[in-house]
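**Q** Mind folding the following:
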Amino acid sequence: MDVVVGRGTLLAGRYRLDEPTTTDLPGVASWDARDQILDRPVRALVLRDGRIRQAQDAARRAALVSDPRLLRVLDVGDHDGVPYVVTERVVGRDLASLTAGGPMPADQARAIIGEAAVALEVARRRGVHHLALRPCAVHVTAEGAVLVSGLALDGELAGHGLGDARSTTRADTVGLVALLYLLLTGRWPAPAGVTTTGTTVPLVTGDLLAPAEVAPRVPNDLDTLCAVTLGPHDDGPHSPAELVRELEPWGALAAAEVFAGADARSEAASAAAMVAAAAAKAVVAAPAPVAAVPASVVEPVVEPVVDDGVDLVEDPASPDVPADGTTDADAQTTAVDLPVEAVLDDATDDAATPPDEAPALPIAPEDDAPSVQRTSVRSSMAQTPGPAARPGTPPPAIPPANRRPDPRDAAVGTAAVGAAAVVPTAQASAGPPHAGLTPARHPHGGHPEADHRDFDTLIGRSTDALTRRRFDPTPVVLGLVVIAVVVGLVLAWQALTAPAPPIGGNDGFGDVSDAASASAEPGVPAAPADGAAAVAPVIAGALMIDPPPGGDNNEHPEAVPAGVDGDPATFWFSRTYASPTYGMKPGIGYAVTLAAPATVTTVTLLVNGTGGMVEVRATDPATPTEGEVLASGPLTAETVLTLSAPTTATSIVLWFTALPQTADGANRVELAEVRLS
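**A** You can find the predicted model right below:
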């Protein structure tokens, strides 16, 4: 019997559900809730369908990433069999609402995407990816901060899953550039696998239009970045860190300016849409009279509408237009003026056809169509005051549009252009849509007023742990090897130059070796018989092992270094299995490679969990199950395995035949540290 979860339900005896909220995640019910223990607002996601266990596992991994730009995961669990995830309350406005009325200033778009890229790079360094970036996943708060929600969780719920490190990193980078495209143009490029209810960009011959072809005043560097990254080739940045370097430097995010601009653009767009709709209805009901011209000079031509800058006027000499230039239709709406393509000889004025014989020129309003077309008529009624054209004179050139001519122009028209054609005064009253939006730029595309910060400084604002450069063990390893060689040479020289033992004595080399072996303490290996000192084992690297046919070599390879980095707070972890004995393969492994051949006596494992079974072999990682089992046993928080005999090896393989259980009851390995001695 399904448990009913609704308003007032107390999840896990702690989270009181208040009001449902909208979400685009499939199989998920989102609620505004309150933590009854800490008395704070939270968001509760009740998981009903889909990859529920994978999503909860993804939420647990996301909870390990700490950055103020990422929405925190507070709790993951089950309430009477109903799985749930609790996060912080989402605050601010998402990018969909901020671009509903049109694009935002380029400098603010640069700052928003730059901050989001820094957050996802912090997550990438912990092996966690988003995989479902879309306009509603990025918010701007009233304090001028950027907040990214749904790290790892949304990707699992959307069915994208976790692939290899390169493809997932590239997917997040492309998603960030798609959001940059949205902010620069007000239109969503709709990357593959991501859906949205926003207005998308039209495709021309299968290719996405560059931002500068959709919206004016897009900086060259951002236009090129979007074009190459969202193009058909695998170009552009491949990680959030590379994207940060493409975008930096950026200034502070002005939330008040962003919100006010978004509201103004939305109001202007709504007003223009209302005026256009009213004008279209009025034009259809009572079209303005059009002066007739001889049939021999009337050429209906269907052309794409462009903003050619030509002033549109009516001929005051038209028999249907009074001396003051108004018509009966002006009482209801602004007259519809047609573009002038040619100035005819003034002799044609005397040959006008009576109005009742003029051809009909219908103009149908368009509702946000990908292209707008209208009929242009070569007529003397639209002549502007000035010298009359001579017979045979070619028609005057139409001023060029604000972007280069292109055959794709026919697919770029918008309803806003159509509204401007119907009501030429609407845009003038609202002001230029992009006036003052382009900031001053230095020759390399940066902002001269912004302080230049390198990427490590940006990361440092979120967490000190990630700003520390990773310890390079190479100098230490080389130093230890040199010391061991020197000590060995000294001991060998002493052995060679020592005085010979007395004849018939009991202290010959064989006797000394036997005496040393007899007097050795239990568990302590004897010194080498030739007098050379044993080289201490020094770990040079590690490798995840998941061999086919049962495995696919994908047990989180991106987290492998965490098992030998000397920091118990980080760990390598396997995938989570339904059974501790896998069910489809004999086991998985973790190989430790040594800087030089060394003698290994004990292996110490720090593990987040208990149970399972591990075997220790001194074998090559390519053959993890071959060779003698030198030690084995169940896992605890600190497992010490003593080898059956001191073994000289270049690599040690840990083969997990059964999985331990973590604190939350999951069957997986979380290996925090491996130590050899």
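
**Q** Check which residues of whatever helix or strand Arg43 lives in are buried.
**A** According to DSSP states H and E, Arg43 maps onto strand 40-47. For strand 40-47, the neighbour count (16 or more other C-beta atoms under 10 Å) marks 42-47 as buried. In short, each C-beta sits where N, CA and C put it, glycine included.

**Q** Contacts for it, please.
**A** 5, 11, 15, 17, 21, 23, 25, 27-35, 55-56, 74, 82-90, 153, 157 (C-beta atoms under 8 Å, 6 or more residues apart in numbering).

**Q** partner strands of that strand, parallel or antiparallel?
**A** Applying DSSP bridges to the sheet, strand 40-47 is found paired with strand 28-35 (antiparallel), strand 82-88 (antiparallel).

**Q** Measure how buried the closest residue to Trp572 other than its chain neighbours is and give me the count.
**A** In space, not counting the residues next to it along the chain, Trp572 is nearest to Gly563; the distance is 3.8 Å by C-beta to C-beta, 6 or more residues apart in numbering. Gly563: 24 surrounding residues under other C-beta atoms under 10 Å.

**Q** can you offset everything so residue one is 55?
**A** All right, first residue 55 from here; so that's Gly617.

**Q** Gly617: what's it in contact with?
**A** By C-beta under 8 Å, 6+ apart, the contact set of Gly617 is 596, 625-626, 644, 725-728.

**Q** Over to Gly290?
**A** Taking C-beta under 8 Å, 6+ apart as the criterion, Gly290 is in contact with 227-228, 231, 279, 282-284.

**Q** what do you get for Gly168?
**A** Each residue near Gly168 by C-beta under 8 Å, 6+ apart is listed here: 298, 301-302, 304.

**Q** Among those residues, which one sits closest to Ser705?
**A** Nearest to Ser705 out of these is Val298 (C-beta to C-beta; 36.9 Å).

**Q** mean confidence score for the helix or strand harbouring that closest one?
**A** Val298 is part of helix 294-301, with elements assigned from DSSP H and E. Average pLDDT, helix 294-301: 96.

**Q** That helix: what's the following helix or strand?
**A** helix 309-339.

**Q** which helices and strands sit right next to that next one?
**A** Counting contacts by 3 or more C-beta pairs under 8 Å, 6 or more residues apart in numbering; DSSP states H and E, helix 309-339 is packed against helix 149-152, strand 192-194, helix 469-476, helix 480-484.

**Q** What mean pLDDT does it get?
**A** Rounded mean pLDDT across helix 309-339 is 80.

**Q** Okay, buried residues for it please.
**A** Buried-residue list, helix 309-339, by 16+ other C-beta under 10 Å: 309, 312-313, 315-316, 319-320, 322-323, 326-327, 329-330, 333-334, 336-337.

**Q** State the pair within the contacts of Gly168 that is farthest apart.
**A** Pairwise distances across those (C-beta to C-beta) peak at 9.6 Å, for the pair Val298 and Trp304.

**Q** ok so, going back, give the PyMOL command for selecting the buried subset of the contacts of strand 94-101.
**A** To isolate the buried members of these in PyMOL, using 16+ other C-beta under 10 Å:
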select buried, resi 59+65+69+71+77+79+82+83+84+85+87+88+89+109+110+128+136+137+138+139+140+141+142+144+207+211
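
**Q** does Ala116 really touch Arg180, like I thought?
**A** No: using C-beta atoms under 8 Å, Ala116 is not in contact with Arg180, being 9.2 Å away.

**Q** tilt between the very next helix or strand once past the strand holding Arg97 and strand 82-89?
**A** Downstream of strand 94-101, the first helix or strand assigned by DSSP H and E is helix 106-117. Orientation of helix 106-117 against strand 82-89 (axes from the mean of the first three to the mean of the last three C-alpha atoms, to 10 degrees) gives an angle of 50 degrees.

**Q** All set now, cheers.
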